[in-house]
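Undergrad: how would this look folded up:
(one chain, ligands or ions: 1)
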Amino acid sequence: MFDFLKNGGILWKDKHQPRRKGVGISAPTGYTIHHRKRREDGGDDSDRNISFVSAEHHQAWNLLFDRYPNEKVAFKLEKYWKKFGEGKAVLMARQIVLNLLESHQKSRRNKLFNSKSLRQVINLTNINSKSEAKKLCAWILLFDNLSLDEILEICNKVWLDPDIEFFTKSKTAKISIRKKKN
Ligand SMILES: [Zn+2]
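TA: Predicted coordinates:
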């Protein structure tokens, strides 16, 4: 189900490296450390608060959701889902994003989202600004053409504060937040 994401390099919890006491976290080669609850909000270095994500995924997540509080992340996610998730734009631009990812991974000197590719995205889709094209690329990189349920699962497992989760009431795309039951 998550082949594209695995190929693109989000590392799941089961691949956590063992840590020795008193030794700081270090991400496996090729990955970066994502604090699910941000440090400035009191998030710590415990395993449950850390995800290892590729630099490209991290860049894409930050581009779309910046440093927003959870409510705003939910709001934005809903907005992007309506714009990109259900439209044809994703399918049309997907190959461009895969090519971008591949060339970026071959050589870090290649920009992840370069102007030429963003122009191609604009030509292919009904998106008409470079900043929106960039967001579509980031969306594809993070969520490809997954269902909303699958997207929320990834957010809940990888990106969000481990104490909360996003959910939708059946048949609506309205994203709500609840505390995780432990
Ligand atoms: Zn992060």
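Undergrad: ok, F75 - contacts?
TA: F75 sits next to I175 when contact means CB atoms under 8 Å, 6 or more residues apart in numbering. Every residue, glycine included, has its C-beta placed from N, CA and C.
Undergrad: roughly how far does it sit from L100?
TA: F75 sits 27 Å away from L100, going by CB to CB, to the nearest Å.
Undergrad: G24 now?
TA: Counting by CB to CB, the gap from G24 to L100 is 32 Å.
Undergrad: tell me which residues are up against the top helix by length along the chain.
TA: Once the chain is assigned using DSSP state H, the helix that runs over the most residues is helix 89-106. Residues from elsewhere that reach helix 89-106 (CB under 8 Å, 6+ apart): 8, 56, 83-84, 110-114, 117, 120-121, 124-127, 133, 136-137, 139-141, 144-145.
Undergrad: need the buried ones from the residues you listed selected in ChimeraX.
TA: A single ChimeraX command selects the buried members of the contacts of helix 89-106 (16 or more other CB atoms under 10 Å):
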select :8,56,83,84,112,113,117,120,121,124,125,127,133,136,137,139,140,141,144,145
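Undergrad: low-confidence ranges in the chain?
TA: The chain contains residues with pLDDT under 70 at 1-23, 182.
Undergrad: how about the helices in it?
TA: 3-8, 55-65, 70-80, 89-106, 115-124, 130-143, 148-154.
Undergrad: single out the most deeply packed of these.
TA: helix 130-143 (a mean of 22; mean count of other CB atoms under 10 Å).
Undergrad: distance of L64 from K83?
TA: 11 Å.
Undergrad: kindly apply the preceding question to P28 instead.
TA: Using CB to CB, P28 is found at 34 Å from K83.
Undergrad: measure stretch 37-49 end to end?
TA: 6 Å (CA to CA, to the nearest Å).
Undergrad: buried stuff in it?
TA: 37, 43, 49.
Undergrad: ok, the nearest residue to the second one once chain neighbours are set aside - contacts?
TA: Meaning G43. Closest residue in space to G43, ignoring its immediate chain neighbours: K37 at 3.2 Å, by CB to CB, 6 or more residues apart in numbering. The contact partners of K37, by CB under 8 Å, 6+ apart, come to 43-44, 49, 161-163.
Undergrad: what about 6 Å?
TA: 43, 49, 161 (CB atoms under 6 Å, 6 or more residues apart in numbering).
Undergrad: equivalent analysis for T168, please.
TA: Applying CB under 6 Å, 6+ apart, the residues near T168 are I175.
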